[in-house]
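Trainee: sequence and predicted model, in that order:
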Amino acid sequence: MNSSFGYVPRNSFVHRRHPLVKMAWVAAVFVLAMAFNTAPFLAAVFASVLLVAGLAGVLRHLVPALVGLGIFASILVFFQAVFTEGGRVLFHLLPWFKALSVTDHGLVLGLAMALRMMTIVTSFLALLATTEIKDIVAVLVNNFKVPYDYALMFSTALRFVPSFMDEARRITEAQRARGYAVEGANPVRRLRAFAPVAVPLVLLSLARAERLAVALETRGYGRGRRVALRREPVPAGDRLLIVAVLLAAAAGVAVRVTGYGTI
């Protein structure tokens, strides 16, 4: 599955860990990313996420997603830097009219928000790249007692994302092969040009959903009490890792409470 949202088979240290360890790590990253609001601390958390992805050997597969996140982060920094009130004006984007002032407070806040967003999303993508969806669902149902219907919807949505993207790419290539232009400088014309891509994509998605519903019915989904085929216990070493990850998150929150990592 050549997608940033899919599982990448490896035999790394991270892949061999119990899914509960990696889910605890994602939760700890989320807590730390929300606790700090200064760029240096958030950059350190983001660097740790990239380090884990590098150790797992999946960082190269996350590059397309990181590029897209970087573009979105740049837009976020721009709007925060320009439209946030307060702080010292650094320069004007339109100096002739003294308009669109970029302030130091807005720039710092924008960088922090961009890093927070990239940290949280990248950690979740690293979880998906190092853990099979069926294992995530098993942990949600068996360990967190999430109703199986919700876990199934979650896993189905994750499985549909790469298929949806692949189908969109194939439809776009087919339209280009027929000589239909789906690109252009005019944003309105470009949006209208994607109609021949969106219509078959929606129809294919509806057909896929119908096939899934028929498959669930033929397998007797919801007809009786569910029984887990197997339950994987958490090894002692992985339990220690979970404790270490939670302690690291608690230490980060304690640092934040003492006044570090905040504007």
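Mentor: Nice, thanks for sending it over.
Trainee: hmm, who's touching stretch 134-146?
Mentor: With contacts defined as C-beta atoms under 8 Å, 6 or more residues apart in numbering, stretch 134-146 is touched by 19-20, 23, 127, 147-148, 151-152, 154-155, 228, 231-232. To be clear about C-beta, it is placed using only N, CA and C from the backbone, and glycine gets the same treatment.
Trainee: what bits of the stretch 151-263 of the chain have low per-residue confidence?
Mentor: Counting by pLDDT under 70, the stretch 151-263 of the chain contains low-confidence residues at 181-191, 193, 227-230, 263.
Trainee: ok, and the closest non-adjacent residue to the residue nearest in space to the middle of the chain?
Mentor: By C-alpha atoms, centre = their mean, the chain has its centre lying nearest to residue 121, at 3.3 Å. Spatial nearest neighbour of residue 121, chain neighbours left out: residue 69 (6.0 Å); criterion: C-beta to C-beta, 6 or more residues apart in numbering.
Trainee: isn't there a helix covering that neighbour?
Mentor: Yes: according to DSSP: H, G, I helix; E, B strand; the rest coil, the state of residue 69 is that of a helix.
Trainee: pretty sure it is touching residue 116, no?
Mentor: No: using C-beta atoms under 8 Å, residue 69 is not in contact with residue 116; the gap is 11.5 Å.
Trainee: can you give me the helices for the stretch 151-263 of the chain?
Mentor: Applying DSSP state H, counting those that start in this stretch to the stretch 151-263 of the chain gives helices spanning 187-193, 195-218, 236-257.
Trainee: out of those helices, which is closest to residue 58?
Mentor: Each of the helices of the stretch 151-263 of the chain has some distance to residue 58 by C-beta to C-beta; the shortest is helix 236-257, at 18.3 Å.
Trainee: check which residues of the closest one are buried.
Mentor: Residues 238, 241-242, 245, 248-249, 252-253, 255-256 are the ones in helix 236-257 that count as buried (16 or more other C-beta atoms under 10 Å).
Trainee: from those residues, which is closest to residue 44?
Mentor: Among those, and counting by C-beta to C-beta, the member closest to residue 44 is residue 252, at 9.7 Å.
Trainee: if I look at that closest one, how far off is residue 28?
Mentor: With distances taken as C-beta to C-beta, to the nearest Å, residue 252 is found 8 Å from residue 28.
Trainee: same deal with residue 9?
Mentor: Using C-beta to C-beta, we find residue 9 at a distance of 25 Å from residue 28.
Trainee: looking at the two, which is more packed in?
Mentor: Higher neighbour count among residue 9 and residue 28: residue 28, with 23 against 13, using other C-beta atoms under 10 Å.
Trainee: what's that one in contact with, if anything?
Mentor: 245-246, 248-249, 252.
Trainee: measure residue 147 to residue 213 for me?
Mentor: Remark: distance between residue 147 and residue 213 (C-beta to C-beta) = 18 Å.
Trainee: could you do residue 85 as well?
Mentor: Counting by C-beta to C-beta, the gap from residue 85 to residue 213 is 51 Å.
Trainee: so between the two, which is more surrounded?
Mentor: Set residue 85 next to residue 213 and count neighbours by other C-beta under 10 Å: residue 213 wins out with 11 against 8.
Trainee: residues in contact with that one?
Mentor: The contact partners of residue 213, by C-beta under 8 Å, 6+ apart, come to none.
Trainee: what's the answer for residue 127, then?
Mentor: 22-23, 25-26, 136.
Trainee: for the strand or helix carrying residue 30, list every residue counted as buried.
Mentor: Element membership of residue 30 [criterion: DSSP states H and E] is helix 19-35. For helix 19-35, burial by neighbour count (16+ other C-beta under 10 Å) applies to 19-26, 28-33, 35.
Trainee: may I have the phi/psi pair for residue 103?
Mentor: With angles defined as degrees, to the nearest 10, residue 103 sits at phi -100, psi 160.
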